[in-house]
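Asks: got a predicted model here, sequence first, then my questions.
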Amino acid sequence: MGYKHGNPQNRAKAASLLRQLKGQLVDVTGVQVEARSNVFAAAEAYWQLSKAAGVHLYKVGDGWHADLEFKGLPPGVPTIVGTPEPVATRTEAIESVVGMMSICAQRDNVPPPDPATGLRWFRFDEHEVPVDPGMLESYAARVPHVEFDATHIRRELDLLRAEISGDGPVTEDAWAAAEFQTRYDACRMCCAAMAFGIMQVSYDPEASLDLAEAPAAPGMH
């Protein structure tokens, strides 16, 4: 079983480690942050150290991970950023997250963008789908009142994947070749997913979902 960021004990340890590591920040003047994706580029300005909630340090197999978790971010902005790849030692993981914290500390002096105007991006397998911030805010406000849940959202995305790319993952080429209405429906569902706190989905060929029998989720119109 993988590491659970939401586990109360893990969250308490993460908050404690954050307080400890705040005393180890380093000078990152001149350091350039590479935007690995549209998702990352649209979110990084909101990742400020003042919004950090904890540092999750854990080992999976032979690799160490260090994730910086945030709170109070706008809908659709990922709340966890971590080491791009697992590292060999605990020390390396801590060094990596201290570097991230130091960069985030610099952003505390710069007001973040207006969340009402900046695009969000949803990672649909191998393709990034733009999400309108106004629609996302509207969907997020309705989440407490709708009759379906994240499970229905994932099923709808599975159905849309099958329509877009057949029995493979959604790719940029498959997305471009899909019908306009299918892409529009997928954009709406990606927005709904983000409103439920789902920031990405990944193709799983081993999934046992029977798409022919999966119930359709009521729409967020």
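Replies: Here it is on my side, so go on.

Asks: what segments of this structure are helices?
Replies: Remark: helices assigned in the chain by DSSP state H are 8-21, 38-43, 90-107, 133-142, 150-165, 172-177, 180-195.

Asks: nearest to A116, out of the ones you listed?
Replies: Ranking the helices of the chain by proximity to A116 (C-beta to C-beta) places helix 133-142 first, at 5.7 Å. (Glycine included, C-beta is placed from N, CA and C.)

Asks: show me what the closest one is packed up against.
Replies: helix 180-195 (3 or more C-beta pairs under 8 Å, 6 or more residues apart in numbering; DSSP states H and E).

Asks: how far does the helix it packs on sit from its chain's centre?
Replies: On the basis of C-alpha atoms, centre = their mean, to the nearest Å, helix 180-195 sits 16 Å off its chain's mean C-alpha point.

Asks: now stretch 110-125
Replies: Using C-alpha atoms, centre = their mean, the offset of stretch 110-125 from its chain centre is 11 Å.

Asks: what does that stretch contact?
Replies: For stretch 110-125, the external contacting residues (C-beta atoms under 8 Å, 6 or more residues apart in numbering) are 37-39, 42, 45-46, 48, 74-77, 128-134, 136-137, 157, 161, 165, 169-171, 175, 186, 190-191, 193-194, 199-203.

Asks: can I get the buried part of those as one ChimeraX selection?
Replies: The following ChimeraX line selects those of these that are buried, judged by 16 or more other C-beta atoms under 10 Å:
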select :38,39,42,46,48,74,75,76,77,128,129,131,133,136,137,157,161,165,169,170,171,175,186,190,191,193,194,199,200,201,203
